[in-house]
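fold the stuff below for me.
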Amino acid sequence: MNDDNPDDSHDTAGKAEAPTRTLSEQVVKALADGRNKRVRKLLQRLHPAKIAALLERLDPEQRLALWQQIHGALEGRVLGHLSAELRPALAHESHEDGTPETDSAAATPPPEGDGGARQPSELEAVRSALDAGKLKRVAKLLHRMHPAKVAGLLEALPPTERSQAWSMVETERAGRVLSFLHDEISAALAQELDLDDLIAAVQPLELDDLVDLIQTLPAELGSRLVLATTGSRREQLESMLSYPEESAGGLMNADAIEVRAEVKAGTVLRYLRLLETLPPQTDMLMVVDRKGHYQGALRLSVLVTASLDTHVAELMQRDIAGIAVDTDSREVARQFQDLDLMSAPVVDGEGRLIGRITVDDVIDLIREDSDRTVMQMAGLDDEADMFAPVLVSSRRRAVWLGINLVTAFLAAWVIGQFQGTLEQLVALAVLMPIVASMGGIAGSQTLTLVIRGLALGQVQKGNVRVLLNREVGVAILNGGLWAAVVAALAVVWFGDWGIGGVIAAAILLNMLCAAVAGLAIPLILERMGIDPALAGSVILTTVTDVVGFFAFLGLATVLLL
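Below is the predicted model of the structure:
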């Protein structure tokens, strides 16, 4: 093999380099750029003797870095071409990276009750290997993990270490790992791959996972992935990308198995055997007519126990309705929950079957909605990188902090209107936070209940009044109880029955207001098209603070001065 021949590969990143750089030079360049996947791809095209010659020419740091990228099966052949001086050092390096005890200790938890030293977690083992430059050990640790676990580990690593670990994930597993990552991290890591590697990584993905990934990528890169897909798969992909992400069309996969009502069960079973494998989460087949209109579902449990001569029309269930392609994703999740579905057909406006939704996608949707709600209540993006740069994170949080500052000044302004009262009765300043806190907690309980009810479709126009009466009743009982307790403590503390009465009345009024606000705010925000989880808590806190301070200080001004 002649190392001086230019690279004639079809690798996208290598095309520009081919006329000017030899394979060895490209390896060195890719190594310097930290593009480890490309290094391994180029090494596959170099003869072991050429790899050995390249190792001899590199400085010690580069040599060790390159050695970490040489596949174990190739190591022995390369060692045979190395000089007697260099061979022992690299052979020792291989022994360290491949020590079974080292790998098993990092991946296997200690036996229960073992009094020995604590074994490192997988995250600690990966970080330790990265710090030591043992990238082969990192690759072995990641290879033994499920792609979802690899994704979780990558999200737990700072950006520099994440890129190093990502470079050691096999290309054939990279697509699955990307499908489990949060959007921001998934898009960043996908763009670190050469286009050819990215295409190879994502082609094995199910169409719904591929659609999700393409929607997170820059438009140009997403378009190139679509163009790289061929045949009917590309047509299905383009069709799925045309639907909104938060709809049944955005959730569905185009892998539904269709059968006709007039065929016999035996014919269907022979057809399934020809397929060899069934799509994941297949619990029923979709029955359609000759024009593709959905007619019903045939459960596999019914099919395998039926007589071979029985027609599908006699076995299928007609009460399993198709989900309209434009149905909101939250409504889809509710249907799966209410009907205990494993999968469901998706139909277009004319009733033609175009795909199906499976329970794993609905579970992902529910988890994402839950994460989004929790993060948005704090003004954070659920898809953001936990290790995003300081300036980026600061900018994201600054807006939310600014909104809270405005509401805080509003509460402070209310307090300022009663400055004279506070100067005469210092005890009021001590007790003020209690009034606001009790109202805030009571309101947040109602707010959380209503937001959850809206998400599940349990809070609707027909039952709002009943819910309001219930929450007011709860507020009166709890407000009366804790108002009496706080009033008694205030009297014991300050020896003033007037202060006790004022704080009791203020707490009761604020808790009543909190109950009404906790119900009304999310309903109003939803009608305005604003996510209640995003802005509800800030508005509620403002209301309970302002009402609490105004009621307490206002009553004190009127009754005690």
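
what about the strands in this protein?
Under the criterion DSSP state E, strands of the chain are mapped to 258-260, 284-288, 294-299, 323-324, 343-347, 353-358.

which residues sit in contact with Pro280?
206, 358, 360 (CB atoms under 8 Å, 6 or more residues apart in numbering). Every C-beta, even on glycine, is put in place using the N, C-alpha and C of the backbone.

ok, 7 Å please
Pro280 is in contact with Thr358, counting by CB atoms under 7 Å, 6 or more residues apart in numbering.

phi, psi of it?
Phi and psi for Pro280, reported as degrees, to the nearest 10, are phi -60, psi 150.

in the stretch 101-250 of the chain, what spans have low per-residue confidence?
The stretch 101-250 of the chain contains residues with pLDDT under 70 at 101-119.

in this structure Arg127 contacts Pro158, no?
No: the criterion here is CB atoms under 7 Å, and Arg127 misses it with Pro158 at 9.2 Å.

if we can go back for a sec, I'd like the strands of the chain laid out as CSV, including mean neighbour count, distance to Thr267 and mean pLDDT.
Listed next are the strands of the chain as CSV, based on neighbours: other CB atoms under 10 Å; distance: least, CB to CB, whole Å; pLDDT from 0 to 100:
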stretch, mean neighbour count, distance to Thr267, mean pLDDT
strand 258-260, 16, 9, 94
strand 284-288, 24, 12, 94
strand 294-299, 21, 12, 94
strand 323-324, 20, 28, 93
strand 343-347, 25, 21, 93
strand 353-358, 25, 19, 92
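
so for Gly249, which of the ones you listed sits nearest?
strand 343-347 (6.8 Å; CB to CB).

C-alpha coordinates for stretch 176-193, CSV please?
Extracted in CSV, the C-alpha atoms of stretch 176-193 (Å, rounded to 0.1, in the frame of the first residue of the first chain):
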residue,chain,number,x,y,z
ARG,A,176,-29.6,5.3,19.3
VAL,A,177,-27.7,7.3,21.8
LEU,A,178,-28.7,10.6,20.0
SER,A,179,-32.4,9.5,20.2
PHE,A,180,-32.2,9.4,24.0
LEU,A,181,-30.5,12.8,24.6
HIS,A,182,-32.1,16.1,25.3
ASP,A,183,-32.6,18.2,22.2
GLU,A,184,-29.8,20.8,22.8
ILE,A,185,-27.2,18.1,23.5
SER,A,186,-28.4,15.8,20.8
ALA,A,187,-28.1,18.6,18.2
ALA,A,188,-24.6,19.6,19.4
LEU,A,189,-23.2,16.0,19.4
ALA,A,190,-24.8,15.2,16.0
GLN,A,191,-23.0,18.2,14.5
GLU,A,192,-19.7,16.9,15.8
LEU,A,193,-20.0,13.8,13.5
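
list the buried residues of it.
Using 16 or more other CB atoms under 10 Å as the test for burial, stretch 176-193 gives 176-190, 193.

run through who's touching it.
By CB under 7 Å, 6+ apart, the residues outside stretch 176-193 that reach it are 37, 147-148, 150-151, 154-155, 163, 166, 169, 174, 198, 201, 205, 209, 212-213, 216-217, 221, 383-385.

which of those residues are buried, as a ChimeraX select command?
Remark: buried members of these, expressed as a ChimeraX selection using 16+ other CB under 10 Å:
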select :37,147,150,151,154,155,163,166,169,174,198,201,205,209,212,213,216,217,383,384,385
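
how near is Leu401 to Val538?
Using CB to CB, to the nearest Å, Leu401 is found at 11 Å from Val538.

contacts only, for the closest residue to Gly355 other than its chain neighbours.
By the measure of CB to CB, 6 or more residues apart in numbering, the closest residue to Gly355 outside its immediate chain neighbours is Met252, 3.7 Å from it. Neighbour list for Met252: 208, 240, 346, 355-357 [criterion: CB under 7 Å, 6+ apart].

okay if I get these as TSV plus distance to Ser121?
Listed next are these as TSV, based on distance: CB to CB, whole Å:
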residue	distance to Ser121
Asp208	32
Met240	38
Val346	41
Gly355	40
Arg356	39
Ile357	36
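
of Leu401 and Val538, who's got more company?
Val538 (17 against 10; other CB atoms under 10 Å).

that one contacts Thr407, correct?
Yes: taking CB under 7 Å as the definition, Val538 is a contact partner of Thr407 at 6.2 Å.
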